[in-house]
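J.: Got a predicted structure here, sequence first:
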Amino acid sequence: MKASFRPRALAAFFFGAMALNIAHADTPSVIGKTTLVAAIVPNYPPFEYKDPATDKLMGFDVDLGEAIAAKLGVKLQWEETGFDQMMSALTTNRVDVILSGMTDLPSRREAVNFLDYVTGGPQFYTVKARAGEFKSTDALCGKTVGASRRTSWPDDITKWSNENCVKAGKKPVNVTGTNGSADARVQLRQGRLDAAVQGGETLPYQNSVEENAYVAIGKPFLSQYNGIGMAKGNAALNTGLTTALNQLIADGTYQKILVKWGLQEHAVKKAVIDANN
């Protein structure tokens, strides 16, 4: 009788445990779901890019996203999309968050909240061979400067030019929109641009892979935050992500990821939604 009972008892225990595990796996987390879908455009190293050898997603945002998902106890699903489509993908619930080096701008806050997670700002730079021509930012007046048209940088350059060139009676900067930062660097190397602008936090990485091909001109001319875009109406997600990121800051994981990608100088002390309100 004992011999016939044990197999049935073990089987009941085994299938009961399986059912418990399945139920646990399907239980929504504090953000109300088991999978976090994140929009990403992998063309902005060291924040996000693809390993040329493996086509695998890499970068600071990728590592941070995985760490946040682990804290929340959810799976992370990356959704590659165009930069221009990310905001609409979030507001129409096709993705849960934007985690792709997006600048927290007041104009974007009309549609989404930003959980600010690194500092940064637009930086003028040129090729190393022309460093002597640009010993200060004043030398940019009257020159052709390019930046990604998908960002706020062309407008930022124009505002800088009005304040620092036009008001001083100098020629304005000739601002050129480019098809991304990589295109700006190509045009700079070809001599079609005199200088360019990209996030100051990304320039050291670019120099590390292009043998110090570029030199910064002055300091970043604006102070900005990069933020994780989140839907305004999802309070559970906003709270859950903020808590998870602050836990990563507190336990040192955030700092380790920053150091890995050479971004430690751009750390925030605390994760805050729309920090520069």
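T.: Received it, and whenever you're ready, just let me know what you need.
J.: Distance-wise, check Pro46 relative to Ala195.
T.: From Pro46 across to Ala195, the span is 22 Å (Cβ to Cβ, to the nearest Å). (C-beta placed from N, C-alpha, C; glycine too.)
J.: who has more neighbours, the two?
T.: Ala195 (26 against 21; other Cβ atoms under 10 Å).
J.: can you give me phi and psi for that one?
T.: phi -150, psi 170 (degrees, to the nearest 10).
J.: where does the stretch 1-150 of the chain have low pLDDT?
T.: Counting by pLDDT under 70, the stretch 1-150 of the chain contains low-confidence ranges at 1-29.
J.: Could I get the full set of helices for it?
T.: Ranges of helices in the stretch 1-150 of the chain, per DSSP state H, counting those that start in this stretch, are 2-26, 60-72, 86-91.
J.: What is the neighbour count of the residue nearest to Glu133 when sequence neighbours are not counted?
T.: With Cβ to Cβ, 6 or more residues apart in numbering as the criterion, Glu133 has its nearest non-adjacent residue at 6.2 Å, and that residue is Ala139. Counted with other Cβ under 10 Å, the neighbours of Ala139 add up to 18.
J.: Please tell me how far Ala139 sits from Val173.
T.: Counting by Cβ to Cβ - Ala139 and Val173 are separated by 11 Å.
J.: Quick check: the gap between the closest residue to Asn93 other than its chain neighbours and Asn113.
T.: Spatial nearest neighbour of Asn93, excluding adjacent residues (Cβ to Cβ, 6+ apart): Ala231 at 7.2 Å. Plainly put, Ala231 is 8 Å away from Asn113 if you go by Cβ to Cβ.
J.: higher neighbour count, these two?
T.: Counted by other Cβ under 10 Å, Ala231 and Asn113 do not tie: Asn113 has more neighbours, with 23 against 19.
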